[in-house]
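> Give me a 3D structure for the following:
(2 chains)
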Amino acid sequence: MTMKTNQNQNDPFSGWKRQIKDLIKEHPLQIISWEATRRCNLKCVHCGSPAESVRLEDELSTDEVVGAFEQIMHDFDMTRFRHINITGGEPFVRKDLLKVLKRISRFPAYRNIDIQTNGIAIAEHPDLLAELKAYGVTGLGISIDGLEETHDAFRKFKGGYAKAFCAAQLAVQHGYVVTVSVVAHAKNIEEIPSLFQVVKNQIKPRVFRLMTMDQIGRAESLEEYKLSTMQFSQVIKFLQNEYAKSCTGYGDPQSTMVEIGCGGWLGEELEGLVRPFIFHCIAGINNLGILFDGKLGACSNIPRNFIEGDLRKDRIKDVWENGYQRHRQPDWKKVGVCKECSEWEYCHGGPMHLRTSGSSSCQDCAFMILRNYLKTPSDRVSGFADIIYEPTAH
Amino acid sequence: MQEATQPTSSHASPADIENALKFRRRMLQWPNPVEFVNNLYGCHPGDNTDDNAGDDNTDYFTFVYDNDDENKPEPK
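As a prediction, this is how the structure comes out:
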């Protein structure tokens, strides 16, 4: 990868689309998402990975986890490997988390780790930050789902907002790359502009990430929290405006970037204008998922019927090379709204976590929702300013 | 406890939008289409990056957002 991509003036995405195809064909292992546990010290309303839906006693032991990472080091070409993303449950509920990190971080490739957390452990034990840094942790993702009252109600934990806020501030002060993640839903959407200002001014994270509430886990039946089409559009407008206003400063690591999380392809007119990258789901392409019980998937948010193997039985490299065909040969996803979609060649059926079974179509396709708010093709780019977010009265 | 501040009501200017479009053109020039997530976390400060992913740094952001010349530098 030494040359700049040639861009076709008629189709500026032509090179990008070719690169995606090449990446799928090569599927180099670059990221490991390790679901450390399904256990948690909270019981949030919307959790996408709830403890009650699995057998917690099946959790991998310390030696099994370390053994898996050692096996990967031994079997894979790690020259293009980038980082480990640790998710849960709440990763810090694992009493052996530091022990695992200490053992795996002796490998240079594993000294670039980020952890997704509710922040409670860090707020209560700030000394953790120095230890985590010593074990190769560079990033922390901390969830804040609204202003104080909303967050605490959503998380069913009074004081949760204060702890998450404190943890994020401390992590920034200690030099971590901090992402504040916010699940946008029908009951907090009006607070998002205010929350953004508080987070940007008082925490100063590298990323303010909005995620829409997907109908997975406990949120599967939460219809009252689901964003309406107009509310989803409002989220995009907010991001579009904030991105345009501040993106000239994004080269500065001290700046706060906005983005929308893995919500899917937004359309050619919007991609790269609401977040600092062009989206494509990387699950099973360069992202390996190790689930809490050793099952091999592609991401902890993807339904477990997409499990490809089991590290307790299989060699991980064999599964990676011979499995994951549902991720890498996406034509089976050309059903439902994807069947005749004009932007299939950009997204190949969207993020896998929106597929609830092997044959069903994409749920809540972001592009399909948004295209109703875009005008005729000739107006789309010039109409960019027309869909700028207008803050609601507070 | 932190106090909520009112959201700013300012809208992006035409110049802001032009910049956003310019940065998108640069995103599309980057060789690895999923580089954003790869570059975000960087390496542990003080670690020797030569031992692992050789170009694991923040070049993506430098290229996309700090490059005043459309034609150079070329991404690694």
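
> what packs against the helix or strand containing residue A:170?
Assigned by DSSP states H and E, residue A:170 falls within helix A:160-173. Packing contacts for helix A:160-173, counted by 3 or more Cβ pairs under 8 Å, 6 or more residues apart in numbering or on different chains; DSSP states H and E, involve helix A:120-124, strand A:137-143, helix A:148-155, strand A:177-184. Backbone N, C-alpha and C define where each C-beta goes, glycine included.

> Need the residues that contact that helix.
A:42, A:117-120, A:122-124, A:126, A:129, A:140, A:142-144, A:146-148, A:151-152, A:155, A:178, A:180, A:199, A:202-205, B:1-2 (Cβ atoms under 8 Å, 6 or more residues apart in numbering or on different chains).

> and if we set it to 6 Å?
A:119-120, A:122-123, A:126, A:140, A:142, A:144, A:148, A:151-152, A:178, A:180, A:203-204 (Cβ atoms under 6 Å, 6 or more residues apart in numbering or on different chains).

> If we only consider the residues you listed, which is nearest to chain B?
Among these, residue A:148 lies closest to chain B (Cβ to the nearest Cβ), at 6.5 Å.

> what sits against the closest one?
Counting by Cβ under 6 Å, 6+ apart, residue A:148 has contacts residue A:161.

> Residue A:288 reaches residue A:32, doesn't it?
Yes: using Cβ atoms under 6 Å, residue A:288 is in contact with residue A:32, at 5.1 Å.

> More neighbours: those two, which one.
Applying other Cβ atoms under 10 Å in any protein chain shown to residue A:288 and residue A:32 shows that residue A:288 carries more neighbours, namely 26 against 23.

> Correct me if wrong, but that one is in a strand.
Yes: checked against DSSP: H, G, I helix; E, B strand; the rest coil, residue A:288 lies within a strand.

> Tell me the pLDDT of residue A:330.
pLDDT, residue A:330: 88.

> Point out the residues in the stretch 51-200 of chain A that sit beside chain B.
By Cβ under 6 Å from any Cβ of the partner chain, the residues of the stretch 51-200 of chain A that approach chain B are A:81-83, A:108-109, A:111-112, A:114, A:136, A:138-139, A:147, A:177, A:193-194, A:197-198.

> Please flag which of these sit within helices.
With DSSP state H as the criterion, helices contain A:193, A:194, A:197, A:198 from among these.

> Could you list the low-confidence segments of the stretch 201-350 of chain A?
For the stretch 201-350 of chain A, residues meeting the criterion pLDDT under 70 lie at A:215-220.

> switch the cut-off to 80
Within the stretch 201-350 of chain A, the segments meeting pLDDT under 80 span A:213-223, A:262-263, A:300-301, A:303, A:350.

> Would you map the strands across it?
A:207-212, A:257-260, A:287-290, A:295-297, A:309-310 (DSSP state E, counting those that start in this stretch).

> contact partners of stretch A:323-339?
So stretch A:323-339 is in contact with A:24, A:283, A:284, A:298, A:308, A:309, A:348, A:349, A:361, A:362, A:365, A:368, going by Cβ under 6 Å, 6+ apart.

> in the strand or helix carrying residue A:65, what's buried?
For residue A:65, the element it lies in under DSSP H and E is helix A:62-75. Of the residues in helix A:62-75, A:65, A:66, A:68, A:69, A:70, A:72 count as buried by neighbour count, 16 or more other Cβ atoms under 10 Å in any protein chain shown.
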